[in-house]
Structures are given as C-alpha cells and as structure tokens.
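Enquirer: here is my input, please return the structure:
(one chain, ligands or ions: 3)
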Amino acid sequence: MYTAPHRRLNPLTGQWVLVSPHRTARPWQGQVEDTVPEHRPRYDPACYLCPGNDRAGGAHTPDYPGTYVFDNDFAALKPDTPPDRVDEEGLLVAESERGICRVVCFSPRHDLTLGQMQAIDIRRVVDTWTDQYTELGALDWVNHVLIFENRGAMMGASNPHPHGQIWANQRLPTEAAQELRRQQLHTARKGCLLCDYLEAELKDGTRIVCQNDNFVVLVPFWAVWPFETLVLPRRHSGAFPDLTGAERDGLADILGRLTRKYDNLFAVTFPYSMGFHQRPTSGAEHPEWHLHGHFYPPLLRSATVRKFMVGYELLAQPQRDITPESAAQRLRDLPEGP
Ligand SMILES: [Zn+2]
Ligand SMILES: [Zn+2]
Ligand SMILES: [Zn+2]
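Expert: Ligands and ions are numbered 1, 2, ... in the order given. Prediction:
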C-alpha cells in the first residue's frame, strides 16, 4: 500500500501525515535559496559567543576552554514573572508563565559544528546538557526542560557559532503534553511506546539510518520533514541523567555520525532544528517517558531547495512526497566521514 497515496499516524502525537509517493517525479519550480560560501575563522572578533568578546547589555563572554552556558541576554521567559490569569467566558484565556532561557556554546571554536567536533568534545556537550537538565529541573516551579539547537540561517539561527539553547519553564509545552498523554495511554495498555516502536523498527530495518551499541537513528514511519530523524536510546531511559557513561559516549558518537551524514547529503552544512524530549521535571517518576531526540531539517532536494509547510499543510495536515523509507536509504548509504 505504500506506493499509493496514504496517511500515516504519529503515535507520539496522534497526528496524521499524508504521503504521496507518486508525486516525486513532478517538475520542481520552487524557491532556490542563495548559498553563501562558508569561510569561517576559528575566532571572530565580532561574534558575541567567541571567548573574550562583549555581549549585549555590557555582559562579557569569558575565555572558556570547552562548553559555556549563560542566561540568554534576550530571554523570552523570566524566572520572576508574578502569577496572573485571565479567563473571560473561556474565550479570552491567558496565564502568566515563568521560565529560564539559556544559551550553551558547544565549543570555543567559531568555525566548528557538532559534526566537525571530536566525539570526546561532543561528549562534553552531552554532559553539559545533562547538568543543565538536572539543575533546572530541580527548581520546584520548573516542570519542563527543553534542550535544542537551531542550525543555519534557514532555520533562523542568528549566529553561526556552534551553540544551542535551553528553555526551562513552568508548564508543559504543547508537544510535550501530547507526547506525555500518548506515552501514558500506550503504557497503560501494553508497555513503553518507544521501546515497542524501536523493536518493530529494528525488526523491519527499512527506516534505520545508523546505530551503535546504545543508540539508534531512524527516519520515523510518520516523518513529516523530508529527512527528519528520531534518535532513540536502546535501553529504556527517561532523561539524560539516566544514561550511563558508555551511553553518553554512544550518544556523542551517534550525533557526530548523523550530522556528518546530513552534511554529506547535499554537500552543505545541513540546516536543522533538533531537540531532546525528556521526561517532565514535575517530580513525578514518569516511567512511561522514553528519552528521544528529533531532527527536523528543512532541505528537500538540494542545498537550496527547501520544503515549505504552507497551503494544505498549514490548513489541513502535513504532507510529503518522498517516502520515509527512501529518505532513510539515502541517509543510510551516505558516508559518515568529514
Ligand atoms: Zn564565535
Ligand atoms: Zn522505553
Ligand atoms: Zn518527541
């Protein structure tokens, strides 16, 4: 049935994606983005994330050797927002929201990306993420910690220096709330949703991209973005602090390999939004939550042709042409070297 138009269910969110495999041969006359040749120096005196440089508002980035974390100078959320609520007939509803937004520099080197870093240095990033999740999640009013990276101007990254963000906040964001509910439902009926899903994918094999002893990367059956991937620990774990040292090494290894595959796909530093969904930090155990990472890259068929979520997708439901199986095969066949 996968050669005819069909829709696939995302069991993590309950949403459907329309797949139209027969349309891959249609002529493309879409937007072509300008590519700027990349010649980045190791240190950029104008970059506020490079060691020793000044930031907005008089802040200063110190001379750091590995990773560096600071509160975002232009934070979208603030920790001291007082509680407030509006509800007019259930139509005009608003709630105040407390939060902390941080920036994580992955490396002092301005010219690197995750995929160009050594595994031992990516491991340091994983350890930093782990410490931040633990520290922020321990605050009694913080119930969710999102660790993510926007890479490339196409995804809205304002600075090419390798860095990501952490937003910790009071209430579960929409995505996390949906995934929590779906994982709870599955666990109540059978077992862990993503443990069961990973087992099925490993048995099938067609959507696996790469793997090591601890982690598996696959194009999910319900992928919306052309080369979307899901990063899954083999062992049931709910958050970074649950991972052993060997598993964190495994995560560093798989992140390096995956991002190098992406860079090799269209011979360009591949833009993406990626992030890790970890169990809520409400204090409850959340045994149903299975830690995972999502990579959402916008590119469709070259360094300059991207997918847009417009028209039918904006007004009805997401849709894709190339199948997740063919995307997985292309990624699987790519080299993982620099
Ligand atoms: Zn820099
Ligand atoms: Zn699991
Ligand atoms: Zn998720």
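Enquirer: need the contact partners of stretch 168-182.
Expert: Stretch 168-182 is contacted by residues 11-14, 77, 95, 97-102, 136-137, 139, 141-146, 193, 277, 280-281, 286, 288-289 when judged by CB atoms under 8 Å, 6 or more residues apart in numbering. C-beta coordinates here come from the backbone N, C-alpha and C atoms, glycine included.
Enquirer: so how far is that stretch off the chain centroid?
Expert: Relative to the centre of its chain, stretch 168-182 is centred 15 Å away, using CA atoms, centre = their mean, to the nearest Å.
Enquirer: so is it next to ligand 2?
Expert: No: counting by CB under 5 Å from the ion, ligand 2 has no neighbours in stretch 168-182; the shortest distance is 12.5 Å.
Enquirer: straight-line length of that stretch, end to end?
Expert: 22 Å (CA to CA, to the nearest Å).
Enquirer: which residues of the protein lie near ligand 3?
Expert: Counting by CB under 5 Å from the ion, the residues of the chain that sit close to ligand 3 are 179, 277.
Enquirer: around ligand 1, pick out the residues from the chain.
Expert: Proximity of the chain to ligand 1 (CB under 5 Å from the ion) is limited to residues 44, 47, 49, 50, 110, 161.
Enquirer: name the SS class of the first one, please.
Expert: By that I understand residue 44. When classified by DSSP: H, G, I helix; E, B strand; the rest coil, residue 44 comes out as coil.
Enquirer: just give the nearest non-adjacent residue to it, would you?
Expert: Nearest residue to residue 44, sequence neighbours excluded (CB to CB, 6 or more residues apart in numbering): residue 110, at 4.8 Å.
Enquirer: about what we covered before: may I see the ChimeraX selection of the buried members of the contacts of stretch 168-182?
Expert: Buried residues among the contacts of stretch 168-182 (16 or more other CB atoms under 10 Å), as a ChimeraX selection:
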select :11,12,98,99,100,101,102,136,137,142,143,144,145,146,193,277,280,281,286,288,289
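Enquirer: CA-only coordinates of stretch 89-98 in PDB, if you can.
Expert: Extracted C-alpha coordinates of stretch 89-98, given in PDB (Å, rounded to 0.1, in the frame of the first residue of the first chain):
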ATOM      1  CA  GLU A  89     -16.100  33.200  29.300                       C
ATOM      2  CA  GLY A  90     -13.400  30.700  28.200                       C
ATOM      3  CA  LEU A  91     -12.800  32.800  25.200                       C
ATOM      4  CA  LEU A  92     -10.000  35.100  26.200                       C
ATOM      5  CA  VAL A  93      -7.800  32.900  28.300                       C
ATOM      6  CA  ALA A  94      -4.300  33.800  29.400                       C
ATOM      7  CA  GLU A  95      -1.800  32.600  32.100                       C
ATOM      8  CA  SER A  96       1.500  34.100  33.200                       C
ATOM      9  CA  GLU A  97       4.400  31.800  32.500                       C
ATOM     10  CA  ARG A  98       7.700  31.700  34.400                       C
END
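Enquirer: can I assume the residue nearest to residue 44 sits in a helix?
Expert: No: counting by three-state DSSP, one finds residue 110 to be coil, located in no helix.
Enquirer: that one reaches residue 52, doesn't it?
Expert: No: assessed by CB atoms under 8 Å, residue 110 is found out of contact with residue 52, at 11.7 Å.
Enquirer: okay, and residue 230 sits in which element?
Expert: Assigned by DSSP states H and E, residue 230 falls within strand 229-233.
Enquirer: could you list the buried residues of whatever helix or strand comes next after that strand?
Expert: As assigned by DSSP H and E, the chain's next helix or strand after strand 229-233 is helix 245-265. Within helix 245-265, the residues that count as buried by 16+ other CB under 10 Å are 247-265.
Enquirer: avg pLDDT for stretch 325-334?
Expert: On average, the pLDDT along stretch 325-334 is 96.
Enquirer: the residue nearest to residue 277 when sequence neighbours are not counted: what's it in contact with?
Expert: Closest residue to residue 277 apart from its sequence neighbours, by CB to CB, 6+ apart: residue 292 at 5.6 Å. Taking CB under 8 Å, 6+ apart, we find residue 292 in contact with 194, 230, 231, 232, 233, 276, 277.
Enquirer: what distance do you get for whatever residue of the chain ends up closest to ligand 3 to residue 89?
Expert: Residue nearest to ligand 3 within the chain: residue 277 (3.5 Å; CB to the ion). Here residue 277 is placed at a distance of 34 Å from residue 89 (CB to CB, to the nearest Å).
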